[in-house]
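> just coords:
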Ligand code: IMP
Ligand code: MG
């Protein structure tokens, strides 16, 4: 789903959201219900492509936790109601690359089991958002060392950035304008993860939570 640059979004007054964020947001870019519905379809596409493979789901924290949980839930439902049952392992890694709304050069990867045990398995990587794609490239380089059978990447959002060689995940929910968005586990300095909808933060919010 492509969200165009001139899409005005939905007025915040049309939805409910936590009172502690009143005044900090510009508008709703993607309401929660649409996120969930779109994720259900991504799950169907993924299940079709997996074939008979057992999979390892690698969730990229923290921003990917909602998307990962919802996607895994949809895949389980599909699998339970079909002839071929998909066996899934789940693991988590954490990356940190943002300061305020700026992407930083140095990136830290933390956590995750001993990934070398996963050689030869089919990986599904779940991520919240691909911006410049730099984070994704670092992560993929790291995982490819362990010679997985296949790596497929699913990201809820892809941002239209100025980089023409922008990385494209195998599956994504929405392509969005080059805006800083929060909600549905995406944060601004750790705030707004408890917001259901994906929203655009305003200047007041940016200043309030700046570190
Ligand atoms: P990239 O390296 O520029 O692709 O940035 C990837 C990471 O930056 C993502 O994993 C997010 O955690 C974070 N990020 C990028 N854009 C946004 C945004 O609009 N809101 C919240 N986090 C973002
Ligand atoms: Mg973040």
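Yep, it's here. For clarity, every value in this text was computed on a predicted model and none was experimentally measured. Ligands and ions are numbered 1, 2, ... in the order given.
> Please count neighbours and contacts with C-alpha atoms only from this point.
Will do.
> Now the element after the helix or strand where residue 172 lies, going C-ward?
In the assignment (DSSP states H and E), residue 172 maps to strand 171-176. Going down the chain from strand 171-176, the next helix or strand is strand 181-182, by DSSP H and E.
> where's that following strand relative to the chain centroid, distance-wise?
Strand 181-182 sits 11 Å away from the centroid of its parent chain (CA atoms, centre = their mean, to the nearest Å).
> Indicate whether that strand makes contact with ligand 1.
Yes: with CA under 6 Å from any ligand atom as the criterion, ligand 1 is reached by strand 181-182 at 181-182.
> again with stretch 155-165
No: judged by CA under 6 Å from any ligand atom, stretch 155-165 stays clear of ligand 1, getting no closer than 7.3 Å.
> Please point out which parts of that stretch sit buried.
Buried residues in stretch 155-165, counted by 16 or more other CA atoms under 10 Å: 155-161.
> that older thread, quick one: contacts of the strand holding residue 172?
1-5, 35, 38-39, 42, 46, 152-160 (CA atoms under 8 Å, 6 or more residues apart in numbering).
> do the same with stretch 76-83
Under CA under 8 Å, 6+ apart, the answer for stretch 76-83 is 44, 47, 85-86.
> before we move on, what about stretch 151-160?
39, 67, 122-132, 168-179.
> Just the buried residues out of those, in ChimeraX syntax.
To isolate the buried ones among the contacts of stretch 151-160 in ChimeraX, judged by 16+ other CA under 10 Å, type:
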select :39,67,122,123,124,125,126,127,128,129,130,131,132,168,169,171,172,173,174,175,176,177
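> tell me, which of the contacts of stretch 151-160 make contact with ligand 1?
129-132, 179.
> By pLDDT, rank those residues and give me the bottom one.
In terms of pLDDT, the least confident member of these is residue 132, at 86.
> quick one, what contacts that residue?
159, 161, 163, 166-167.
> just checking, next helix/strand downstream of the longest helix anywhere in the chain?
Counting residues, the longest helix found in the chain (DSSP state H) is helix 32-50. Using DSSP H and E, the helix or strand that follows helix 32-50 towards the C-terminus is strand 55-61.
> roughly how far out does that following strand sit from the chain middle?
That offset, for strand 55-61, works out to 11 Å (CA atoms, centre = their mean).
> Please apply the same query to stretch 158-177.
Using CA atoms, centre = their mean, the offset of stretch 158-177 from its chain centre is 12 Å.
> can you check stretch 192-207 too?
So, by CA atoms, centre = their mean, the centroid of stretch 192-207 is 16 Å from its chain's centroid.
> What residues sit buried inside that stretch?
Neighbour counts over stretch 192-207 (16+ other CA under 10 Å) mark 192-201, 205-206 as buried.
> Among those, find me the one that's closest to residue 185.
residue 193 (4.0 Å; CA to CA).
> what about the closest residue to the closest one other than its chain neighbours, how many neighbours?
Closest residue to residue 193 apart from its sequence neighbours, by CA to CA, 6 or more residues apart in numbering: residue 185 at 4.0 Å. Burial of residue 185 is recorded as 23 neighbouring residues (other CA atoms under 10 Å).
> Average pLDDT for the strand ranked longest in the chain, rounded please.
Longest strand of the chain, by residue count under DSSP state E: strand 88-99. Taken as a whole, strand 88-99 has an average pLDDT of 81.
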